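A.B. asks: Any chance you can model this:
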Amino acid sequence: MQAKDCATTDWNQKGYEDAMQGKTNETFDEYKNICSANPPNAAEYVTGYKRATTEYCTESNGYDRGIKGGKYHLSCAQDSEYYNAYVKALKKHSEERERKQLERLTRHGGDVTDSRAAPGGSPGM
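C.D. replies: Sure, this is the predicted structure:
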């Protein structure tokens, strides 16, 4: 965003878009600095931001993002159903990725010992 855009920005829509993109609501502080000559409308921004988090931060979206190994959507609260589903799905994603890696190594005759072991096969110290 540039200072010239501040006077014509739909702050409700900007809040909505920022939340849907996973930006934290602290992004608004950046707009306050950029738009010092034409201050942004905080109430409108927050209304749009909350509308988007209500729509996006669902259990289903959290699961979908986690199972794909995607990054956490920062606009969703860490005590939300989105967060809980995301954490569970991300764990499943990691376990599945490790299982596939072990299968690949086993299939190709690779060494499946603990990858944290020091050279020579003994645990590193």
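
A.B. asks: where in the protein is pLDDT low?
C.D. replies: Counting by pLDDT under 70, the chain shows low-confidence ranges at 110-125.

A.B. asks: Just the helices from it, written as ranges.
C.D. replies: Ranges of helices in the chain, per DSSP state H, are 11-20, 27-34, 42-56, 59-67, 81-107.

A.B. asks: Please list all residues in contact with the residue nearest the centre of the chain.
C.D. replies: The centre of the chain sits closest to Tyr72, judged by Cα atoms, centre = their mean, with a distance of 2.3 Å. Taking Cβ atoms under 8 Å, 6 or more residues apart in numbering as the definition of contact, the neighbours of Tyr72 are 22, 65, 83, 86. C-beta here means a position set from N, CA and C on the backbone, and glycine is covered the same way.

A.B. asks: if we can go back for a sec, nearest to Asp5, out of the helices of the chain?
C.D. replies: Asp5 sits nearest to helix 27-34 of all the helices of the chain, at 8.5 Å, using Cβ to Cβ.
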